[in-house]
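Participant: dropping the sequence and predicted coords here.
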Amino acid sequence: MDLKQHIRDVPDFPIKGVLFKDITTLLNNPAAFRHTVDKLAERYRGMHITKIVGVEARGFIFAGALAYVLGCGVIPVRKKGKLPHKTRSMSYELEYGTATIEIHEDSIHPGEQILVLDDVIATGGTLAAACELVEKLGGEVVEVAVVIELTVFPGRKKLSGRSFHALIEF
């Protein structure tokens, strides 16, 4: 299945000049969504991943579905102020501003094998910050995975040599 056919382009979102890759069209197609999760599961089955970090918000969707298939836990990484317990935070730059993400301090134990997952990578700031949070808590980032890599941006370079996988490239 060509997953690119299930991604909608939305010009000038969230700001003028940005061409947003909208995955909601993939999500609402049962066959495309299942194929996406199955392709990810194929790659990570047998890698002994203990938890999947899902990055807010669309990363939660894929992380939850994949964790169910792999039989591992899910850790939400959220925007500042959204998690109710003690957190660690990391600020970073986006392609159109700055942001801060947080993770619960007790969500990862030293040595756990963590997959960091999001829907898209552009500049890489969000995923790099998520990896740093995982590592500060003692987790080992097995790989960083995305459904879509926007190759016109240098996002992969911000991951500091970590293993990286994308299902689709634009």
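Facilitator: Structure received. In this text, all values refer to a predicted model and were calculated from it rather than measured experimentally.
Participant: which strands or helices does the longest helix seen in the chain pack on?
Facilitator: In the chain, ranked by residue count with DSSP state H as the criterion, the top helix is helix 30-44. Where contact means 3 or more CB pairs under 8 Å, 6 or more residues apart in numbering; DSSP states H and E, helix 30-44 is packed against helix 24-27, helix 58-70, strand 140-149, strand 164-169. Every residue, glycine included, has its C-beta placed from N, CA and C.
Participant: for the record, mean pLDDT for the second one?
Facilitator: When pLDDT is averaged along helix 58-70, the result is 98.
Participant: read off the pLDDT value for Glu93.
Facilitator: Confidence at Glu93, expressed as pLDDT, is 79.
Participant: that one is in what secondary structure piece?
Facilitator: strand 87-94 (DSSP states H and E).
Participant: so what strands line up beside that strand?
Facilitator: Taking DSSP bridges as the criterion, strand 87-94 pairs within the sheet with strand 97-104 (antiparallel).
Participant: next SSE after the strand it pairs with?
Facilitator: Under the assignment DSSP H and E, the closest C-terminal helix or strand after strand 97-104 is strand 113-121.
Participant: buried residues, that next one. List them.
Facilitator: Applying a neighbour-count criterion of 16 or more other CB atoms under 10 Å, the buried positions in strand 113-121 are Ile114, Leu115, Val116, Leu117, Asp118, Asp119, Val120, Ile121.
Participant: closest one of the residues you listed to Leu137?
Facilitator: Sorting the buried residues of strand 113-121 by distance to Leu137 puts Ile114 at the head of the list, at 9.1 Å, by CB to CB.
Participant: which ones are touching the nearest residue to that closest one once chain neighbours are set aside?
Facilitator: Counting by CB to CB, 6 or more residues apart in numbering, Ile114 lies nearest to Gly139, which is 4.3 Å off, once chain neighbours are set aside. Contact partners of Gly139, counting by CB atoms under 8 Å, 6 or more residues apart in numbering, are Lys51, Ile108, His109, Pro110, Gly111, Glu112, Gln113, Ile114.
Participant: now list the buried members of those.
Facilitator: Neighbour-count burial (16+ other CB under 10 Å) applied to the contacts of Gly139 gives Lys51, Ile108, Glu112, Ile114.
Participant: show me what the last one bridges to in the sheet.
Facilitator: If I follow you right, that is Ile114. Ile114 forms beta bridges with Lys51, Val141, as assigned by DSSP bridges.
Participant: I would like the residues contacting the longest helix of the chain, please.
Facilitator: Judged by CB under 8 Å, 6+ apart, the contacts made with helix 30-44 from elsewhere in the structure are 1, 3, 6, 26-27, 62, 65-66, 69-70, 115, 117, 142-143, 145, 147, 165, 167.
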